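After the sequence you'll find the predicted model.
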Amino acid sequence: MKVSDVVEKLGLKVLSGAKGLDLEVTGCYVSDLLSDVMGKADAGQIWITLQTHRNVMAIASLKDLAAVILVSDLLPEDDTAKQSEEENIPVLGTHLPTFEIAGKLYALLTK
Amino acid sequence: MNLFKADLHIHTVLSPCGDLEMSPGAIVRIAASKGIDILGITDHNSTKHGMLTSKLAKEKGIFVLCGAEVTTKEEVHCLSFFETPDALETFQQYLDKHLSFVKNDPKVFGYQVVVDEDEQILEFEERLLISALDQSIDQVAAEVRSLNGLFIPAHINRPRFGLLSQLGFVPKGLNPDAFEISNGVTPQAMKSKYPVMANSAFITSSDAHFPDAIGGAFSMFKIEKRSFSEIYKALHNIDNRSVWPANQAKA
């Protein structure tokens, strides 16, 4: 499944990094501690978080993540969006809180 | 040049987790008995006990840095200090404007009170002071810098509320005045793991929330005299001034 399929099926907004919509999604990791994501996330995963700092994109790039979903209508900071464009890793948005979007993505990926 | 013992991270009774015995007067008495020369008063997201502690400390020959321990949007704790009462007041207004409103429940977090020098209660702080600001670490750092203050990420190597746990690594361009480290980690160890810290100053402090903890960890300053500008010079290794962590077994 591609990031674009997830966007379409879950009704996500593409906030930045649209060039990365063709990336393959292998799974998902949910955490708001960046140190934890750095240690435990795997390549190809979508990362669900409420953190909007530019370090999010540095870690997404380091770990070769497929995309970042910001929950609860949060928006990336300007330099976060800029880095998402540069790295071609999409930042996606949803009005749903973490529990609900994670549940929907789990259902989609384990279908 | 002279050597001064500094504990720059102390909570008063105003902090939700601060012991009721941590009045400015008591902190000064204990600091004097432990030979501390410089105190940093850093309540969670409030500066309101700084000036009183400074006044009482002066009578005992102790120099006080007034500031706060700020909780950024990312839940990174950062110490901030200001030289003038005006800058401190301006920063208090910034905290008031940006602290999320969560009502304190004294049964859970204890009372958050501002007292006078006779330890009479002047004010109950209604908002839970350990909530976070709606400002990023970069925005807080910029605000502190605009007021010519000192910006020092607190206990950066702790697993909770430290810069490294919350943000993974030091954001590019943050350039703090120093890093506070804890749990016996050495500046050398931090520098070899994080090259961005190669030229940084490090401090250790007690993060005291109750009287016995004051001075349990401290830093040594080599400066001419105790003043804000001399401390700034030590943090930036200017004119042969310097600072280093001096761990001591917990009191």
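Ah, there it is. Residues are numbered from 1 along each chain as shown, chains lettered A, B, ... in the order given.

B:Val185 looks like it's in a helix, true?
No. With DSSP: H, G, I helix; E, B strand; the rest coil as the criterion, B:Val185 is located in coil rather than a helix.

Was I right to think it contacts B:Ile156?
No. Using Cβ atoms under 8 Å, B:Val185 is not in contact with B:Ile156, being 9.2 Å away. Any C-beta I mention is one placed from the backbone N, CA and C, and that applies to glycine too.

So for the two, which sits in the more crowded spot?
Between B:Val185 and B:Ile156, counted using other Cβ atoms under 10 Å in any protein chain shown, the more crowded position is B:Ile156 (27 against 17).

Look at the more buried one and report its pLDDT.
According to the prediction, B:Ile156 has pLDDT 97.

what does the model give B:Gly216 for pLDDT?
94.

With adjacent residues omitted, what lies nearest to the closest residue to chain A within chain B?
Using Cβ to the nearest Cβ, the single residue of chain B nearest to chain A is B:Gly168, 3.6 Å away. Nearest residue to B:Gly168 in three dimensions, chain neighbours excluded: A:Leu34, at 3.6 Å (Cβ to Cβ, 6 or more residues apart in numbering or on different chains).

quick one, phi/psi of the one you found?
Phi and psi for A:Leu34, reported as degrees, to the nearest 10, are phi -70, psi -30.

next one: B:Glu143
Dihedral angles (degrees, to the nearest 10) for B:Glu143: phi -60, psi -50.

Same question for B:Ile203.
Residue torsions, per degrees, to the nearest 10, at B:Ile203 are phi -130, psi 160.

What residues are bridge-paired with it?
For B:Ile203, the beta-bridge assignment (DSSP bridges) gives partners B:Glu180.

contact partners of stretch B:147-154?
B:8-9, B:42, B:65, B:67, B:69, B:76-83, B:87, B:90-91, B:137, B:140-141, B:144-145, B:161-163, B:174, B:176-180, B:203, B:207, B:231-232, B:235 (Cβ atoms under 8 Å, 6 or more residues apart in numbering or on different chains).

and if we set it to 7 Å?
For stretch B:147-154, contacts defined as Cβ atoms under 7 Å, 6 or more residues apart in numbering or on different chains pick out B:9, B:69, B:76-83, B:87, B:90-91, B:141, B:144-145, B:163, B:176-180, B:203, B:232, B:235.

Name the residues of it that are buried.
Neighbour-count burial for stretch B:147-154 flags B:Leu147, B:Gly149, B:Leu150, B:Phe151, B:Ile152, B:Pro153, B:Ala154 (criterion: 16 or more other Cβ atoms under 10 Å in any protein chain shown).

Quick one: name the residues of chain B near chain A.
Within chain B, the residues that sit near chain A (Cβ under 7 Å from any Cβ of the partner chain) are B:Glu74, B:Ser136, B:Leu164, B:Ser165, B:Gln166, B:Leu167, B:Gly168, B:Phe169, B:Pro171.

What about the closest residue in space to the second one that isn't next to it in sequence, how many residues nearby?
Closest residue to B:Ser136 in three dimensions, ignoring its sequence neighbours and counting by Cβ to Cβ, 6+ apart: B:Lys73, at 5.1 Å. Residue crowding around B:Lys73 was assessed by other Cβ under 10 Å; the count is 22.

Now do the same contact list for the residue of chain B closest to chain A.
Contacts of B:Gly168 by Cβ under 7 Å, 6+ apart are A:Leu34, A:Ser35, A:Met38, A:Asn55, A:Ile59.

which helix is the longest one in chain A?
Longest helix in chain A, counting residues (DSSP state H): helix A:98-109.

Ok, chain B next?
Longest helix in chain B, counting residues (DSSP H): helix B:85-98.

packing partners for that helix?
strand B:77-82 (3 or more Cβ pairs under 7 Å, 6 or more residues apart in numbering or on different chains; DSSP states H and E).

what comes up buried for the strand it packs on?
Residues B:His77, B:Cys78, B:Leu79, B:Ser80, B:Phe81, B:Phe82 are the ones in strand B:77-82 that count as buried (16+ other Cβ under 10 Å).

do stretch B:224-242 as well
Here stretch B:224-242 shows B:Arg226, B:Phe228, B:Glu230, B:Ile231, B:Tyr232, B:Lys233, B:Ala234, B:Leu235, B:His236, B:Arg241, B:Ser242 as buried, counting by 16+ other Cβ under 10 Å.
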